[in-house]
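Chemist: sequence unknown, structure follows:
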């Protein structure tokens, strides 16, 4: 086993010698505290309605599908119809997320709904999201006791419920929302264990540079965009 | 990985006569080039973002100690561990130590160039563990026991028929008469086989495209989702990354991300960008119970304050190799070690020494395309020139070359004589080549004429024509 204590001292010492810096830099500490923004492309800096349109267009471009719903009450029907349309079993594994509690699953008794982390046998999952990033059509999902990350990757089909008001312009806007939410779960500003930015379904170009969907993660990403 | 960089001329010769490889190289790099251009053209701010990316990384390097300490502090605060390692051996030992401590048998791996640099797979295998690459391209070349030939497309050099052959040989528990003629089917088979491995793994190792000092997060960017399954299913997540990957804040990570995918694959953004911070939290239903960052130097800090410091801005997008005429002719394996293309021609002499890797900075046409597309605006050709100077200083070139350079240097310092000699040579070659306009063979220039004809000069030197043009202009304006 390496003596990592002295490795640390040597690496940092070598850097300080090369930089001629004895006790670190005030400028760097200020940057960490204030986290200034860099250049933000104009693309997503527009009124919210247009951001929603941009989000849907960008997500569709990378082979996600987007369905507009009037309210949470329409979710069970939309999920059942979506799965039936693809000839998939009427079963969905749902995140035990309080934000999804308003979904009236009992309206669709033929749809089997279970809650928890993903299991090997799960074909379809449904989760919420923390935000949607219009610039690239990206979903931002946070891990947590109510939001197991395995649901985002193990099943073949991932359905995401995103409320219209959750769509922001850029990744920076999404970070600001997360900071304002206190890092979620009141974890004194720390990020959740896993923050996933998801843009379309899983893909690979590793065989002869041809893009194929469904490499390791979901083959399908279906976004239910719900009016607030 | 045992470097064969010293054998670059032989490696290159082999690659040039490898018909299968030449077929791949004739098509594949152009795909990357076109897609990058489309993505860059679509974002009006792309060039300005490149300037900011360069400035950001320069700022990071100037304050590297502060940012690394801040990163370490945040990782520890979140219940993770940072293992500082000076050398590849220390990094291998740190990783093996973590695996041993939890009694690991199977280790899944996301794609990481640093893991290639330290040769972790061979080391784990030699110590009785089973490492499994999960990125499709890496998985294929691991089965074939080959090194990657491209930093973002490791199986770049293979055709689907090659992959089919490899899978038939490796997946012997599947029916021998199955049809495997399409990429889609091959991918589905790999997915199925690797799903079982993901479930068995005790430890998952990933690289990091970025480390965020503000939050103690490591960031990986993938399209397949394998890097995510690698880190959320096993009990332990180990990140292997070098010190140059740190950025100050989440905003700075966003800047790097806007440049990375566009430069690499021409995507607006990759399918999955994942920020990992510490181990799973109390109450979490999944995620790793332990989080380790193996923070490797391996010669990087020694580049600070030298003429090679700028190379530490690299974000490993691969754009330089995609646009390189040399890489496009010989492929990645000829470079003989982890990093091919222009970035390899600068990194490899730094990490392996000029003696081992001195051929690489010479394998350049100095066309400048690498620098023109580098998202971090790294002056790669200038650095290759610096390595050539070092090679000359260290007396490493063959005697004939040194004598030739000395002779050229003698003439170059005497302009009148140089021009007279050049005029004579141009006139003589012009007369000799008047018939065909080219030479298929020339004495002392076999290295050139073996692979292509030497065009015959038309009888006058550039300097002569320039002088005549100037004189004519002067006459005209009078």
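Modeler: Nice, thanks for sending it over. All figures in this text were calculated on a predicted structure; none of them were measured in a lab. Numbering: from 1, shown residues only, chains lettered A, B, ... in the order given.
Chemist: Could you say which helix or strand holds residue B:14?
Modeler: Using DSSP states H and E, residue B:14 sits in helix B:8-16.
Chemist: Show me what that helix packs onto, helices and strands only.
Modeler: Applying 3 or more Cβ pairs under 8 Å, 6 or more residues apart in numbering or on different chains; DSSP states H and E, we find helix B:8-16 packed against helix B:325-330, helix B:359-362. C-beta here means a position set from N, CA and C on the backbone, and glycine is covered the same way.
Chemist: The single nearest residue of chain A relative to chain B: what secondary structure?
Modeler: Proximity of chain A to chain B (Cβ to the nearest Cβ) peaks at residue A:217, 2.7 Å away. Taking DSSP: H, G, I helix; E, B strand; the rest coil as the rule, one finds residue A:217 in the coil state.
Chemist: Return the residues in contact with it.
Modeler: Contacts of residue A:217 were listed using Cβ atoms under 8 Å, 6 or more residues apart in numbering or on different chains, and they are A:152-153, A:158, A:201-202, B:224-225, B:228-229, B:271-272.
Chemist: how much space between the closest residue to it other than its chain neighbours and residue A:198?
Modeler: Computed as Cβ to Cβ, 6 or more residues apart in numbering or on different chains, the closest residue to residue A:217 that is not its neighbour in sequence is residue B:225, at 2.7 Å. Between residue B:225 and residue A:198 the computed distance is 9 Å (Cβ to Cβ, to the nearest Å).
Chemist: burial of the residue in the stretch 201-350 of chain B positioned nearest to chain A, as a residue count?
Modeler: Per Cβ to the nearest Cβ, the residue of the stretch 201-350 of chain B with the smallest distance to chain A is residue B:225, at 2.7 Å. When neighbours are defined as other Cβ atoms under 10 Å in any protein chain shown, residue B:225 has 27 of them.
Chemist: Verify the stated contact: it with residue B:272.
Modeler: Yes - in this structure, residue B:225 is within contact of residue B:272 by Cβ atoms under 8 Å, at 5.5 Å.
Chemist: Identify the contacts common to these two.
Modeler: A:202, A:217.
Chemist: So which residues make contact with stretch B:63-79?
Modeler: Contacting residues not belonging to stretch B:63-79 are listed as A:11-12, A:15-16, A:19, A:21, A:24-25, A:27-29, A:32, A:190, B:60, B:81-82, B:211-217, B:243-244, B:246-248, B:277-279, B:291, B:293, B:295, B:301, B:304 [Cβ under 8 Å, 6+ apart].
Chemist: starting at the chain centroid, how far to it?
Modeler: On the basis of Cα atoms, centre = their mean, to the nearest Å, stretch B:63-79 sits 27 Å off its chain's mean C-alpha point.
Chemist: And stretch B:216-227, by the same measure?
Modeler: For stretch B:216-227, the distance to the chain centre is 18 Å (Cα atoms, centre = their mean).
Chemist: just the buried members of the contacts of stretch B:63-79?
Modeler: Taking 16 or more other Cβ atoms under 10 Å in any protein chain shown as the criterion, what is buried in the contacts of stretch B:63-79 is A:11-12, A:15-16, A:19, A:21, A:24-25, A:28, A:32, A:190, B:60, B:81-82, B:211-217, B:243-244, B:246-248, B:277-279, B:291, B:293, B:295, B:301, B:304.
Chemist: Inside helices: which ones of these?
Modeler: Judged by DSSP state H, the buried ones among the contacts of stretch B:63-79 include A:11-12, A:15-16, A:19, A:28, A:32, B:60 as members of helices.
Chemist: any chance of the residues you listed in a markdown table, with distance to residue B:92 too?
Modeler: Formatted as a markdown table, these follow (distance: Cβ to Cβ, whole Å):
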| residue | distance to residue B:92 |
| --- | --- |
| A:11 | 17 |
| A:12 | 22 |
| A:15 | 22 |
| A:16 | 27 |
| A:19 | 28 |
| A:28 | 31 |
| A:32 | 32 |
| B:60 | 27 |
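Chemist: what's the closest of the residues you listed to residue A:99?
Modeler: Using Cβ to Cβ, residue A:32 comes nearest to residue A:99 of these, at 31.2 Å.
Chemist: what touches both of residue B:225 and residue A:198?
Modeler: B:271-272.
Chemist: ok, which stretches of chain A are strands?
Modeler: With DSSP state E as the criterion, chain A has strands at A:65-69, A:91-94, A:112-115, A:124-127, A:131-133, A:138-142, A:157-163, A:167-168, A:194-198, A:203-204, A:212-213, A:220-226.
Chemist: Tell me the buried residues in stretch A:76-90?
Modeler: Buried-residue list, stretch A:76-90, by 16+ other Cβ under 10 Å: A:76, A:78-80, A:82-83.
Chemist: Outline the domain layout of the chain.
Modeler: Since no chain was named, I'll use chain A. A:1-36, A:41-226 (automatic domain parsing).
Chemist: ah, no, chain B please
Modeler: Structural domains annotated on chain B: B:43-301, B:399-477, as defined by automatic domain parsing.
Chemist: which stretches of the stretch 251-400 of chain B form strands?
Modeler: Applying DSSP state E, counting those that start in this stretch to the stretch 251-400 of chain B gives strands spanning B:272-276, B:290-296.
Chemist: Out of the ones you listed, indicate the one that is most buried.
Modeler: strand B:272-276 (a mean of 27; mean count of other Cβ atoms under 10 Å in any protein chain shown).
Chemist: beta partners for the nearest residue to residue B:94 once chain neighbours are set aside?
Modeler: In space, residue B:94 comes closest to residue B:83 once its chain neighbours are excluded; the distance is 4.3 Å by Cβ to Cβ, 6+ apart. Using DSSP bridges, the bridge partners assigned to residue B:83 are residue B:294.
Chemist: Kindly check the end-to-end length of stretch B:173-191 for me.
Modeler: Start-to-end span of stretch B:173-191 (Cα to Cα, to the nearest Å) is 15 Å.
Chemist: do that stretch and chain A meet at all?
Modeler: Yes - Stretch B:173-191 lies within reach of chain A by Cβ under 8 Å from any Cβ of the partner chain, at B:183-184, B:186-188, B:191.
Chemist: quick one: which of those is nearest residue B:166?
Modeler: Taking Cβ to Cβ as the measure, residue B:166 sits nearest to residue B:186 out of those, at 9.4 Å.
Chemist: so what's the residue of the stretch 201-350 of chain B closest to chain A up against?
Modeler: When the contact criterion is Cβ under 8 Å, 6+ apart, the partners of residue B:225 are A:153, A:202, A:215-218, B:271-272.
Chemist: And for residue B:124?
Modeler: Applying Cβ under 8 Å, 6+ apart, we find residue B:124 in contact with B:95-96, B:99, B:107, B:130-131.
Chemist: Repeat that for residue A:220.
Modeler: A:65, A:86, A:156-158, A:201, A:213-214.
Chemist: Cross-check those against chain B and keep the overlap.
Modeler: Filtering the contacts of residue A:220 for neighbours of chain B using Cβ under 8 Å from any Cβ leaves A:201, A:214.
Chemist: Tell me the buried residues within the contacts of residue A:220.
Modeler: With burial judged by 16+ other Cβ under 10 Å, the buried subset of those is A:65, A:156-158, A:201, A:213-214.
Chemist: pLDDT score assigned to residue 48?
Modeler: Using chain A. Note for residue A:48: predicted pLDDT of 98.
Chemist: actually it's chain B I care about, not the one you picked
Modeler: Per the predicted model, pLDDT is 98 at residue B:48.
Chemist: So what touches the helix or strand it falls within?
Modeler: Assigned by DSSP H and E, residue B:48 belongs to helix B:46-62. The contact list for helix B:46-62 (Cβ under 8 Å, 6+ apart) reads A:19, A:25, A:28, A:31, A:38-39, A:41, B:40, B:43, B:67, B:244, B:246-248, B:252, B:255-256, B:258-259, B:262, B:304, B:309-310, B:312-313, B:315, B:375-377.
Chemist: Please consider this matter closed, and thank you.
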